[in-house]
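Colleague: Have a look; sequence and predicted model below, questions after that.
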Amino acid sequence: MTQGIDWRGILLSTHIARAASQPMEELPAALLVPGHGIEGDRYATGSGTYSHKPHADRQCTLIEVETLEALRRDHGLELAPHESRRNLTVRGVPLNHLVGQHFRVGEVVLFGGRLNVPCQYLDDLLGRKLFKPLTNRSGLNCRIIQGGTIRPGDVIQPA
């Protein structure tokens, strides 16, 4: 139970970028390494846009597919999971309620460190005005507590 909310979600996709500004690539499985990040991802290798500002809660990022659907419905903006620049796209997971909480993605345990904030960088990279529509819905930055391999279809639930 997370803050009195009973929930259960699913992992839809996992993406990494090997270096800053490089396209995100979808993975059939991903290895999450505690204290480090997702194997092969720009932030795990220190080559991300914000790697010069390291933070323990930037080891893995999540976004709700419901946010992507709301962008389309409410703002007429298309944003595919890989374009969000977040590592994990999920369904049925109350990300804003997971700040300060532990939760499982398959065999992995994550800690919701802080909400992700939209940035001008994404607008510039994609050539779309996403900053304002993503405010308060830009995802969750997490710390990897217990590592392992995750795959689309894995259940996400409170730890």
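Modeller: Perfect, thanks for sending it. Numbers count the residues shown, from 1 in each chain.
Colleague: Give me the neighbour count for residue 116.
Modeller: 22 (other CB atoms under 10 Å). C-beta coordinates here come from the backbone N, C-alpha and C atoms, glycine included.
Colleague: pretty sure residue 85 is touching residue 123, no?
Modeller: No: between residue 85 and residue 123 there is no contact under CB atoms under 8 Å: 11.5 Å.
Colleague: which one of those two has more residues nearby?
Modeller: Taking other CB under 10 Å, residue 85 and residue 123 do not tie; residue 85 has more neighbours (24 against 15).
Colleague: how much space between the more buried one and residue 102?
Modeller: Using CB to CB, to the nearest Å, residue 85 is found at 24 Å from residue 102.
Colleague: do the same with residue 6
Modeller: Residue 6 is 16 Å from residue 102, where distance means CB to CB.
Colleague: who has more neighbours, these two?
Modeller: residue 102 (16 against 8).
Colleague: wait, what's in contact with the more buried one?
Modeller: By CB atoms under 8 Å, 6 or more residues apart in numbering, residue 102 lies in contact with 109-112, 145, 158-159.
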